[in-house]
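1. model this:
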Amino acid sequence: MKKIICFLLIFIFQLNTSALSSAENQEVKFFKIKLVVKKQTSLKAIYSRLLYEEVEYSETYKMVRATKKFNPDIEDWNNLMPQKILLYIDTSKVDINKLYKARKVSTTNKSDIYKKSSSSSESVLKNLKTSVFYMASFGNFDQSKNNSKVVFKQNSSFTLGLSLSYKPNIKDVSFSSSLYYSYLDTASTNLDFGDIQVDAEIGGNFYGNYDIKNNITLYSGLDYERFNTFNIDELVTNSEIAFDKNSVIYFTLGIQKNFNVYRKNVLLKISYSYSMFSSSSSSSEDYEFSGSKLMVYSAMNIYNKFFMHALFKMHNMTGPSDLVVNRFGLGVGYSF
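-> Reported below is the predicted structural model:
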């Protein structure tokens with residue numbers, strides 16, 4: 001009888017051992033995920049957010065051992081820093097709903113990223129308008145100091161410029177900017193010095209625009225100009241011609257209106273600018289120009305993307321001398 005009992009106990013023990021061995025050797029199926037760790041965490045915390053609530057984290061799980069094996073560069077799994085890891089998850093232990101939410105929040109398909117990036121770039125380009133322009137202009141300068149007066153012409157055979165406008169996804173708001181380079185022909189004066197070579201003028205602006213109604217837009221911003229004036233002190237003292245280079249930054253307020261004339265789109269702009277900062281190469285004690293500028297500008301579409309434009313600009317400045325400038329320009333441009 002004892003032999004029978006011993007035989008049964010040995011048989012049961014071997015049967016249990018065989019079952020345990022079979023369970024341990026059973027093939028485990030994994031989800032393999034490329035996970036982006038965005039902030040400091042631990043491997044245990046990552047698994048805890050993905051497994052069924054009744055499943056407790058254990059270092060002995062094959063998925064844990066596989067994760068550590070295939071991420072050999074990571075030494076401290078209790079202190080994971082932001083990085084990419086290859087995560088193995090046992091399909092029998094993972095909560096699919098948790099996994100789906102985690103992947104939806106933390107990962108995005110590369111094609112979706114590309115599409116969003118492309119869409120964003122296309123949107124920016126779509127909202128950005130560019131034009132280039134040419135203009136010839138005629139300028140008349142009336143400059144005086146004490147009892148001395150110089151009247152001279154500064155004509156420009158060509159001015160080249162670039163204009164940009166951008167319409168963000170904000171109702172009624174836009175931004176615009178332009179830059180120009182103006183080559184000046186020789187200046188002629190009321191003095192007996194013949195024609196005189198002068199440096200080019202440059203300028204630019206940046207405006208914020210707000211559409212109100214009936215195709216009317218208000219705008220304001222900054223203007224910059226660099227221009228030349230006679231050094232009257234040098235002229236009176238030494239009877240020599242010398243030019244001062246002046247740089248002025250203005251604050252500008254303006255209004256514009258779009259309308260049609262014989263089915264042609266016409267733009268009309270009127271602005272007033274007042275100097276905020278200025279500098280001059282003049283050696284005079286009163287070396288900075290200050291004052292105002294009035295400008296009227298108009299452009300009309302003539303054929304497809306080509307347009308013609310005209311401007312009238314008047315300066316009224318004081319400083320090293322009293323200065324009144326009137327300039328009229330006419331030219332063409334192309335919108336991209």
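
2. Residue ranges in this protein under the pLDDT threshold?
-> Applying pLDDT under 70 to the chain picks out residues 1-27, 101-125, 186-195, 236, 239, 282-287.

3. in the stretch 151-300 of the chain, which spans are strands?
-> 156-166, 173-183, 188-189, 201-211, 216-230, 243-261, 264-280, 290-303 (DSSP state E, counting those that start in this stretch).

4. Point out the most buried one among those.
-> Ranked by mean neighbour count, the strands of the stretch 151-300 of the chain are led by strand 216-230 with a mean of 19 (mean count of other CB atoms under 10 Å). In this view, the C-beta of every residue, glycine as well, is placed from N, C-alpha and C.

5. From the contact counts, what lies against that strand?
-> Other helices and strands packing on strand 216-230, by 3 or more CB pairs under 8 Å, 6 or more residues apart in numbering; DSSP states H and E, are strand 128-145, strand 201-211, strand 243-261, strand 264-280.

6. Adding distance to residue 32, write those strands out as CSV.
-> Output for the helices and strands packed on strand 216-230, formatted as CSV (distance: least, CB to CB, whole Å):
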stretch, distance to residue 32
strand 128-145, 43
strand 201-211, 52
strand 243-261, 60
strand 264-280, 60
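
7. Identify the bridge partners of residue 251.
-> Beta bridges link residue 251 to residue 222, residue 274, judged by DSSP bridges.

8. same question, residue 153
-> Beta-bridge pairing for residue 153 (DSSP bridges): residue 140, residue 188.

9. Verify the stated contact: it with residue 141.
-> Yes: between residue 153 and residue 141 there is a contact at 7.3 Å, judged by CB atoms under 8 Å.

10. More neighbours: the two, which one.
-> Just comparing residue 153 and residue 141: by other CB atoms under 10 Å the higher neighbour count belongs to residue 141, 21 against 15.

11. how about a markdown table for the strands of the stretch 151-300 of the chain, with distance to residue 66 added?
-> Shown next, in a markdown table, are those (distance: least, CB to CB, whole Å):
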| stretch | distance to residue 66 |
| --- | --- |
| strand 156-166 | 52 |
| strand 173-183 | 54 |
| strand 188-189 | 88 |
| strand 201-211 | 58 |
| strand 216-230 | 61 |
| strand 243-261 | 66 |
| strand 264-280 | 67 |
| strand 290-303 | 68 |
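
12. so which of the ones you listed comes closest to residue 28?
-> Among the strands of the stretch 151-300 of the chain, strand 156-166 comes nearest to residue 28, with 56.4 Å by CB to CB.

13. and the angle from the closest one to strand 173-183?
-> Between strand 156-166 and strand 173-183, the angle comes out at 160 degrees (axes from the mean of the first three to the mean of the last three CA atoms, to 10 degrees).

14. Partner strands of strand 156-166 and their direction?
-> Assessed with DSSP bridges, strand 156-166 is paired to strand 128-145 (antiparallel), strand 173-183 (antiparallel).

15. If I take the longest one and strand 201-211, what angle do their directions form?
-> Direction vectors for strand 128-145 and strand 201-211, defined by the same axes, to 10 degrees, enclose an angle of 120 degrees.

16. Please compute how far strand 128-145 lies from its chain's middle.
-> Strand 128-145 sits 28 Å away from the centroid of its parent chain (CA atoms, centre = their mean, to the nearest Å).

17. hey, C-alpha coordinates of it in CSV?
-> Output in CSV follows, covering the C-alpha atoms of strand 128-145 (Å, rounded to 0.1, in the frame of the first residue of the first chain):
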residue,chain,number,x,y,z
LEU,A,128,2.0,85.2,-49.2
LYS,A,129,1.9,87.5,-52.2
THR,A,130,5.0,89.0,-53.8
SER,A,131,5.6,91.6,-56.5
VAL,A,132,8.6,93.4,-58.0
PHE,A,133,8.5,96.8,-59.5
TYR,A,134,10.3,99.5,-61.5
MET,A,135,9.8,103.2,-61.3
ALA,A,136,11.4,106.4,-62.7
SER,A,137,11.0,109.6,-60.7
PHE,A,138,11.6,113.3,-60.7
GLY,A,139,12.6,115.1,-57.5
ASN,A,140,12.8,118.7,-56.6
PHE,A,141,14.7,119.8,-53.4
ASP,A,142,14.3,123.2,-51.8
GLN,A,143,16.9,123.6,-49.0
SER,A,144,17.6,126.7,-47.1
LYS,A,145,19.5,127.9,-44.0
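
18. Relative to residue 305, how far out is residue 178?
-> Residue 178 is 17 Å from residue 305, where distance means CB to CB, to the nearest Å.

19. Also residue 181?
-> Here the criterion is CB to CB. By it, residue 181 lies 22 Å from residue 305.

20. Could you find the closest non-adjacent residue to residue 177?
-> residue 206 (4.6 Å; CB to CB, 6 or more residues apart in numbering).

21. That neighbour pairs with what?
-> Beta-bridge pairing of residue 206 under DSSP bridges involves residue 177, residue 222.
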